[in-house]
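Enquirer: Any chance you can model this:
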Amino acid sequence: MTLTSMGPDPSASRSFALVEYGPPVALIGDLAAHLGVSPADAEQQLRKVGERLQAQHSLAANPIEINANGVSAKRVAGTVAIGRDAELEIRPKFAASSDEWQEDLLFLALFTVYGHVDLIRTVSAATTSQNTMADLVGRILLGLIGQNSRRLLKTRRASTVLSWEPLSELDPEAMLNPEDDGWPQRIYQMSVDNEWWATIHEGIQALLPHLRDPSITCGLTDLVARWGRPRTRPSVVWKTLPPRLSTWQPAYDLAFELTRGASTAPSLGPFATFGFTVDTWRTWEALLERALIMAVGANRVMLQTGHSFGMAVKGSKSSALDVYPDAVVADDNGLLVIDAKYKGRHERGFEGISAQDRYEMLAFMHAVGTNRAVLLYPSLVAAVADATPEELEVSTIPIGTIRAVALGIRGIGKPAGLYKFIRSVAVAVGLPALASAA
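Expert: Okay, the predicted model is just below:
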C-alpha cells in the first residue's frame, strides 16, 4: 500500500515547550528562525494562537502572555499548532518533565467530559512507544475499535430492492406490475452505513493528515478501506449509542471530539500539527467532582448546590443571597465543604490560603452550617496519583477550620491510576475508611 500523504517530516518539525504557570521562556527568536519570519511576525503568530485558545475555552484573557522576559502560558495545557511544522507544547503545572503528561492529559480530558474509566487500559497500551499527541490519539482510536472487532457497528437499515425472488411480503399490486429487474420489495438489513460509523469515519479522516507513525496511518487507512465510506452524515450533536452498541461509545466519543471543531480537534489550514488543549482549571474541578462521587457515593455528595447566605433588599425588591460551593460531602461527623483550587506556580510554590479564598470559605461554611472545609490543590511537585496528600496549611477561624491539601495526579492515565487518585481524595477529605474501600 502506498500512502500519498504521511503528514509532516518529523525531522523538519519542532516543538517549543512551556510549563503552565511557569517562568517565561525566551523562544521568540528560535521560533522566528524556524518559521523563517521576523521576530515581530513570530510574536504576532503566538498571540493569534492565544486568541484562538481563548475563544475555544471561553477564557477571560489570552492564555499566552508575551513580555520582555519571554513567553508564558496559563489556564490551558496541551499541544497547539503555531505554524507549518511547528507546535507549542504547554505542559500542565502538575506534571513531570517526562512524556507521560500527554497520556495523563488526554485521559483527563475524556474522563472528565464523558466519564470513561475503561480508557485507562487503552491509553496505557497506546503509550508503549514514543508518540506525538496525534499518534497517541490514533493508537487509542485503533485500540478502542480493535476491542470491538467481534461486535460490528451495524444497525438495522431499511432499503428497497428489485428481485424476482421473494425476499419479504409482496404487495399484490406490485406482483401484477413488476419492473424489468423484478418486484420492488422493502427489506431490512444490518449495515455499517449509519450515523455512528459516519462519525468515527469523519474523526479518522480529520486525524490522518496529522499522523507521523506509518503503522498507525496504515492501520486507520486499512480500517476505512474495509468498512467503506458511509453515505450517512456524522453526528452534529453528541448522542448515546443504543445499548446493544454501548461498547462502541468510547470510540464514538473520541471521534466526535475530533470532528466537532473544539479544542481537541486537529488544527485546520496548512498546519501539519495536531492541536489538543484543555482548560486546566475546569478539568481539575470536574476531576474532583467525579472522584468524590466515586469515593463516597452520589447520595453523599452535593455538587454546585445553592445554599442561602442571607437576603438583599433594595427599595421594594428583595432577593436571596446564595453561595455555591464546589461540593458538600456528608459523613459521620456532619457536613464538609470542599472547594477545588487551581493556584500556585512552580517557582513560588504554595503561597498560603489567600484572604479572598478564606472569606469565600467562611461564607460557604456559614451557609452550609458546618465548621469544616477543605481546599484541594494539584501538587506542584509532580507527585504521583497514589502519593500521600500533602497538608499545605490549616487555618483556624471563628466558625471552624480550613485545610489546604495538595493531591498528586501524575500517572492517573495508567492502569489503576484513577483508583489511586480516588483513594487519595478520600484520605484528603478525612475519610480513610472509604479510602481503603475505594
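Enquirer: can you confirm residue 325 is in a strand?
Expert: No. Looking at residue 325 with DSSP: H, G, I helix; E, B strand; the rest coil, it is coil, so not inside a strand.
Enquirer: give the contact list for residue 97.
Expert: Counting by CB atoms under 8 Å, 6 or more residues apart in numbering, residue 97 touches 91, 382. C-beta here means a position set from N, CA and C on the backbone, and glycine is covered the same way.
Enquirer: so it, which of the three states?
Expert: coil.
Enquirer: From residue 239, how far off is it?
Expert: The spacing between residue 97 and residue 239, counted by CB to CB, to the nearest Å, is 39 Å.
Enquirer: just residue 89 next, same as before
Expert: Taken as CB to CB, the span from residue 89 to residue 239 is 33 Å.
Enquirer: try residue 330
Expert: 34 Å.
Enquirer: do residue 389 as well
Expert: 38 Å.
Enquirer: Check residue 40 too.
Expert: Separation of residue 40 from residue 239 (CB to CB): 46 Å.
Enquirer: Those two - which one has more neighbours?
Expert: In terms of neighbours (other CB atoms under 10 Å), residue 239 is the more surrounded of residue 40 and residue 239; the figures are 14 against 10.
Enquirer: that's a strand at the more buried one, yeah?
Expert: No. Counting by three-state DSSP, residue 239 falls outside a strand, being coil.
Enquirer: which stretches of the stretch 1-150 of the chain aren't confidently modelled?
Expert: 1-13, 84, 96, 98-99, 114-132 (pLDDT under 70).
Enquirer: now the strands for it?
Expert: 14-19, 64-67, 70-73, 76-83, 86-91 (DSSP state E, counting those that start in this stretch).
Enquirer: between those strands, which one is nearest to residue 110?
Expert: Residue 110 sits nearest to strand 76-83 of all the strands of the stretch 1-150 of the chain, at 12.7 Å, using CB to CB.
Enquirer: buried set for stretch 414-423?
Expert: For stretch 414-423, the neighbour count (16 or more other CB atoms under 10 Å) marks 414, 417-423 as buried.
Enquirer: Need phi/psi at the nearest residue to residue 333 once chain neighbours are set aside.
Expert: In space, and not counting its chain neighbours, residue 333 is closest to residue 372: 7.4 Å by CB to CB, 6 or more residues apart in numbering. Main-chain torsions, residue 372, degrees, to the nearest 10: phi -130, psi 140.
Enquirer: Residue 372 contacts residue 399, doesn't it?
Expert: No. Using CB atoms under 8 Å, residue 372 makes no contact with residue 399, being 10.0 Å away.
Enquirer: list the residues that contact both of those two?
Expert: Common neighbours of residue 372 and residue 399 (CB under 8 Å, 6+ apart) are residue 365.
Enquirer: The two: which is more packed in?
Expert: A count of neighbours by other CB under 10 Å puts residue 372 above the other of residue 372 and residue 399, at 21 against 15.
Enquirer: quick one: that one and residue 329, what's the gap?
Expert: Taking CB to CB, one finds residue 372 at 10 Å from residue 329.
Enquirer: Overlap in contacts, these two.
Expert: Common contact partners of residue 372 and residue 329 (CB under 8 Å, 6+ apart): 335-336.
Enquirer: returning to that earlier point: please identify which of the buried residues of stretch 414-423 is nearest to residue 230.
Expert: Using CB to CB, those come closest to residue 230 at residue 418, 33.8 Å.
Enquirer: My guess is the closest one contacts residue 412. True?
Expert: Yes. Between residue 418 and residue 412 there is a contact at 5.8 Å, judged by CB under 8 Å.
Enquirer: got any residues that touch both of these two?
Expert: Listed as contacting both residue 418 and residue 412 by CB under 8 Å, 6+ apart are residue 385.
Enquirer: where along the stretch 251-400 of the chain do the strands fall?
Expert: Secondary structure of the stretch 251-400 of the chain (DSSP E, counting those that start in this stretch): strands at 276-279, 301-303, 307-314, 317-323, 327-331, 334-340, 372-378, 390-397, 400-407.
Enquirer: Any chance of the ones you listed in JSON lines with distance to residue 384 and mean pLDDT as columns?
Expert: Formatted as JSON lines, the strands of the stretch 251-400 of the chain follow (distance: least, CB to CB, whole Å; pLDDT from 0 to 100):
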{"stretch": "strand 276-279", "distance to residue 384": "20", "mean pLDDT": "84"}
{"stretch": "strand 301-303", "distance to residue 384": "25", "mean pLDDT": "90"}
{"stretch": "strand 307-314", "distance to residue 384": "35", "mean pLDDT": "84"}
{"stretch": "strand 317-323", "distance to residue 384": "34", "mean pLDDT": "84"}
{"stretch": "strand 327-331", "distance to residue 384": "24", "mean pLDDT": "90"}
{"stretch": "strand 334-340", "distance to residue 384": "20", "mean pLDDT": "92"}
{"stretch": "strand 372-378", "distance to residue 384": "12", "mean pLDDT": "93"}
{"stretch": "strand 390-397", "distance to residue 384": "12", "mean pLDDT": "91"}
{"stretch": "strand 400-407", "distance to residue 384": "10", "mean pLDDT": "92"}
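Enquirer: if we can go back for a sec, minimum pLDDT in the buried residues of stretch 414-423, which residue is that?
Expert: Within the buried residues of stretch 414-423, residue 414 has the lowest pLDDT, namely 80.
Enquirer: Pick out the residue nearest the middle of the protein.
Expert: residue 109 (1.5 Å; CA atoms, centre = their mean).
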